[in-house]
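J.: sequence-free structure coming up:
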């Protein structure tokens with residue numbers, strides 16, 4: 001009986017040492033979910049755009065490539081849709097607090113082209129008309 005316990009202890013000890021050695025050698029991968037940093041980007045266009053609670057306004061057209069898009073809001077939140085799909089998904093006409101992405105009032109957000117793509121961007125204000133400052137970087 002003592003012989004079996006000794007063998008079991010040796011097996012458990014060897015297994016633990018193997019897992020420890022494996023964890024030292026294993027490569028740690030860091031998730032990066034953005035466009036590669038360090039690339040030069042230049043501002044392609046910057047405009048002030050009025051959006052309101054009526055219809056959604058297209059603030060960026062689809063482009064073959066972009067580094068990022070910058071959107072600055074003023075006194076009210078905005079609803080954003082990153083495309084205008086026609087295959088049954090959300091469309092620019094369905095923007096609401098439930099069917100879109102919200103950017104808080106008085107904020108500036110850079111939407112990375114590696115994450116959000118370079119498609120058309122539609123924006124609607126839920127309450128009052130507001131002026132946005134938008135910039136497209138290539």
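T.: Thanks, I have it. All values derive from a computational prediction rather than experimental measurement. Residues are numbered from 1 along each chain as shown.
J.: centroid residue for the chain?
T.: residue 115 (4.6 Å; C-alpha atoms, centre = their mean).
J.: Give the buried residues for the longest helix seen in the chain.
T.: Secondary structure of the chain per DSSP state H: the longest helix is helix 2-25. Using 16 or more other C-beta atoms under 10 Å as the burial criterion, none of the residues of helix 2-25 qualify. In short, each C-beta sits where N, CA and C put it, glycine included.
J.: what distance separates that helix from the centre of its chain?
T.: For helix 2-25, the separation from the chain centroid amounts to 44 Å (computed by C-alpha atoms, centre = their mean, to the nearest Å).
J.: which is the next helix or strand following it?
T.: strand 43-51 (DSSP states H and E).
J.: Buried ones in that next one, by neighbour count?
T.: By neighbour count with 16+ other C-beta under 10 Å, strand 43-51 contains the buried residues residue 51.
J.: ok, now stretch 113-120?
T.: For stretch 113-120, the neighbour count (16+ other C-beta under 10 Å) marks 113, 114, 116, 117, 118, 119, 120 as buried.
J.: Nearest to residue 72 among these?
T.: For those, the closest approach to residue 72 (C-beta to C-beta) belongs to residue 116, at 16.2 Å.
J.: That closest one and residue 69 touch, don't they?
T.: Yes. Residue 116 sits in contact with residue 69 when judged by C-beta atoms under 8 Å, with a separation of 7.4 Å.
J.: shouldn't residue 130 be in contact with residue 73?
T.: Yes. Using C-beta under 8 Å, residue 130 makes contact with residue 73 at a distance of 6.6 Å.
J.: can you count the residues close to residue 123?
T.: By the measure other C-beta atoms under 10 Å, the count of residues near residue 123 is 25.
J.: Give the next helix or strand downstream of the helix or strand that it is a member of.
T.: Using DSSP H and E, residue 123 maps to strand 121-124. Using DSSP H and E, the helix or strand that follows strand 121-124 in sequence is strand 130-137.
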